[in-house]
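Asker: How does the following fold in three dimensions:
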Amino acid sequence: MDERAAAPLMRVSFDLDEVLFVSPETHKTEPPLPFPLNRVFRERLRLGAPELLRSLRAAGYQVWIYTSSFRAERYIRLLFRLYGVRLDGIVNGERHLREVQRDRKEALPQKMPGRYRISLHVDDESVVASWGRQYGFHTYLLNAQDDDWAEKIMACADRIRRAEYPESR
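Answerer: From the prediction side, this is the model:
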């Protein structure tokens with residue numbers, strides 16, 4: 001049996017706004033989708049995002065989107081498919097409210113990746129990192145333009161996988 005297939009799958013999730021979806025005025029971006037797709041899918045992906053997401057999957061990670069936005073799961077899945085990226089899971093604001101917050105009276109954080117067995121969540125908000133410490137998931141903070149962002153996230157995911165699943169490497 002293949003060792004990678006026997007090892008537990010580690011999940012890496014990404015926020016959308018200001019992480020994967022960025023402004024070309026402040027960040028390097030992927031080229032827009034061709035007309036007329038660029039009229040429907042107006043968001044611009046951070047340069048290197050499709051390649052990183054494909055590389056993570058090729059290395060045996062599951063790639064998820066965890067966003068507090070209420071974009072439809074179908075919209076998100078199709079947008080990434082147009083860039084050649086297959087997503088393993090999507091948690092948007094609607095799913096989070098339905099499955100995590102449910103009918104609880106006390107407000108829970110707007111993101112709880114641990115609920116979905118996500119080991120590493122990439123976000124631009126420092127409050128999410130504090131939730132990670134409190135609720136038991138790792139975060140990587142990403143907001144400013146960084147030409148080495150993809151390599152840093154891959155290295156971070158590898159470190160976490162070695163720590164959590166030492167038999168997988």
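
Asker: in the lengthiest helix in the chain, what's buried?
Answerer: Longest among the helix segments of the chain by residue count, using DSSP state H, is helix 149-164. Of the residues in helix 149-164, 149-150, 153-154, 156-157, 160-161 count as buried by neighbour count, 16 or more other CB atoms under 10 Å. Quick note: C-beta positions are derived from backbone N, CA and C, even for glycine.

Asker: Can you lay out the residues you listed as JSON lines showing distance to Val128 and pLDDT?
Answerer: Formatted as JSON lines, those follow (distance: CB to CB, whole Å; pLDDT from 0 to 100):
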{"residue": "Trp149", "distance to Val128": "17", "pLDDT": "97"}
{"residue": "Ala150", "distance to Val128": "19", "pLDDT": "97"}
{"residue": "Ile153", "distance to Val128": "15", "pLDDT": "98"}
{"residue": "Met154", "distance to Val128": "20", "pLDDT": "97"}
{"residue": "Cys156", "distance to Val128": "15", "pLDDT": "97"}
{"residue": "Ala157", "distance to Val128": "16", "pLDDT": "97"}
{"residue": "Ile160", "distance to Val128": "16", "pLDDT": "95"}
{"residue": "Arg161", "distance to Val128": "20", "pLDDT": "93"}
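
Asker: count of residues packed around Pro36?
Answerer: As a burial measure, Pro36 scores 8 neighbours (other CB atoms under 10 Å).

Asker: brain fart, Asn38
Answerer: 13.

Asker: For Gln134, see how far away the closest residue to it other than its chain neighbours is.
Answerer: Closest residue in space to Asn38, ignoring its immediate chain neighbours: Pro32 at 4.5 Å, by CB to CB, 6 or more residues apart in numbering. From Pro32 across to Gln134, the span is 38 Å (CB to CB, to the nearest Å).

Asker: So the two - more neighbours on which side?
Answerer: More crowded of Pro32 and Gln134, by other CB under 10 Å: Pro32, with 15 against 11.

Asker: helix/strand/coil for that one?
Answerer: coil (DSSP: H, G, I helix; E, B strand; the rest coil).

Asker: Hmm, Arg44 and it touching each other?
Answerer: Yes - contact criterion CB atoms under 8 Å: Pro32 and Arg44 qualify, at 6.4 Å.

Asker: Just give the number of residues close to the residue nearest to Trp149 when sequence neighbours are not counted.
Answerer: Of all residues not flanking Trp149 in the chain, Leu142 sits nearest, at 5.8 Å (CB to CB, 6+ apart). Counted by other CB under 10 Å, the residues lying close to Leu142 total 21.
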